[in-house]
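Peer 1: Here is a sequence with its predicted model. Questions after.
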Amino acid sequence: MIIEFEDVSRVYRNGEHEQRALDHASLSLPEGKFIVVLGPSGAGKSTLLNLLGGLDSPTSGTIRVDGKDISTLTANELADYRAATVGFVFQSYNLIPTLTVIENVALVKDIAPNPLSSHDMLAAVGLSDHIHNFPNELSGGEQQRVSIARALAKNPKILLCDEPTGALDSETGVMVLKLLLSMARDMHKTIIIVTHNQNIAKMADLVVRVKNGKIVSCEEQANPLNVEEVDW
C-alpha cells in the first residue's frame with residue numbers, strides 16, 4: 001500500500017469549541033489506482049486530502065506514504081515531501097497570470113527533484129499550440145489542463161485533485177476526467193479525487209466514502225466504467 005492512515009484525527013479548536021474534521025480514520029490505498037473520495041460538504045474529504053498532501057498535520061494518529069511516516073515531519077521536511085511525492089490539482093487553477101503557459105509549468109523545476117519536460121507534459125494535455133499564451137487567453141478547461149500539466153511535470157507518485165471539474169462545463173469536465181483516468185491506467189500514477197459527484201465515483205478502482213469525519217467504507221470496484229460509459 002502506498003498510503004496508510006492509522007487512527008488519524010484532525011481537531012480544530014476555537015476557544016472552547018472543538019471541530020473534529022477527521023475522526024479516528026484508518027485507511028489503506030494501493031499504488032497506481034484511480035481513487036475517489038466521496039462524501040457531502042463538510043464530511044472531511046478536503047481535510048483528508050490536506051493531510052495526505054502535507055498541507056496540514058494530524059492532531060493524532062500516523063500517516064505513512066510510500067513507507068515514510070509524514071505525520072511528524074517538520075515544516076521544512078513537509079515542503080520536501082510535497083516537492084518530491086505529491087502533485088496538486090485544485091478547482092481554482094492557481095496559475096500566475098503574468099507568466100505564459102510554459103512558464104507556469106516550468107516553475108516546478110525549481111522545487112521538484114526529478115521534473116519532467118514542461119513541453120512534453122503540455123503536449124500530453126493537448127496544449128502544445130498554447131505554450132506562449134497567458135492564462136487569461138485560455139478557457140477554463142484549458143487552464144485546468146495547464147494545472148494538470150504542471151502537477152505532472154513534478155513527476156509525483158501521487159496526484160491529489162480537489163473537485164477538479166467542479167467549475168467546468170460538462171464537456172470540458174469529461175475531457176479532464178479522461179486525462180486523469182489515463183494517468184492512472186497508462187502512467188501508473190496514484191490519482192485521488194475528492195468530490196461529491198457520484199458519476200465520477202463510477203469510474204474509480206476504489207471508492208472511499210467519508211461522512212462526519214469518519215471513513216464509512218473503502219471498497220474496490222471490480223468493473224469501473226470508462227468516461228464514455230457514464231451518463232453525464
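Peer 2: Everything's here; your move. Numbering: from 1, shown residues only.
Peer 1: Tell me which residue is most central in the protein.
Peer 2: Leu160 (1.2 Å; Cα atoms, centre = their mean).
Peer 1: surely it meets Arg82?
Peer 2: No: with contact defined as Cβ atoms under 8 Å, Leu160 does not count as touching Arg82 (10.0 Å). C-betas here are computed from N, CA, C, even on glycine.
Peer 1: Give me the common contacts of those two.
Peer 2: Common neighbours of Leu160 and Arg82 are listed as Gly53 (criterion: Cβ atoms under 8 Å, 6 or more residues apart in numbering).
Peer 1: So what sits opposite the residue nearest to the centre of the chain in the bridge?
Peer 2: Beta-bridge pairing for Leu160 (DSSP bridges): Phe88, Ile192.
Peer 1: dump the residue contacts of it.
Peer 2: Leu49, Leu52, Gly53, Val86, Gly87, Phe88, Val89, Ile192, Val194.
Peer 1: List the contacts of the longest helix along the chain.
Peer 2: The residue-count maximum for a helix in the chain (DSSP state H) belongs to helix 170-187. With contact meaning Cβ under 8 Å, 6+ apart, helix 170-187 is reached by 32-34, 89, 124-125, 139-141, 144-145, 148, 152, 159, 161, 164-165, 168, 189-191, 193, 200, 203, 205, 226-227, 232.
Peer 1: how about the helix or strand of the chain with the lowest mean pLDDT: buried residues?
Peer 2: Sorting the helices and strands of the chain by mean pLDDT, DSSP states H and E puts helix 170-187 at the bottom, at a mean of 85. Using 16 or more other Cβ atoms under 10 Å as the test for burial, helix 170-187 gives Thr172, Gly173, Val174, Met175, Val176, Leu177, Leu179, Leu180, Leu181, Met183, Ala184.
Peer 1: which one among the residues you listed gets closest to Ile3?
Peer 2: Ala184 (14.1 Å; Cβ to Cβ).
Peer 1: Next step: the contacts of helix 170-187 restricted to helices.
Peer 2: Using DSSP H, the contacts of helix 170-187 in helices are Ala124, Gly140, Gly141, Gln144, Arg145, Ile148, Leu152, Ile200.
Peer 1: That concludes my questions; thank you for your assistance.
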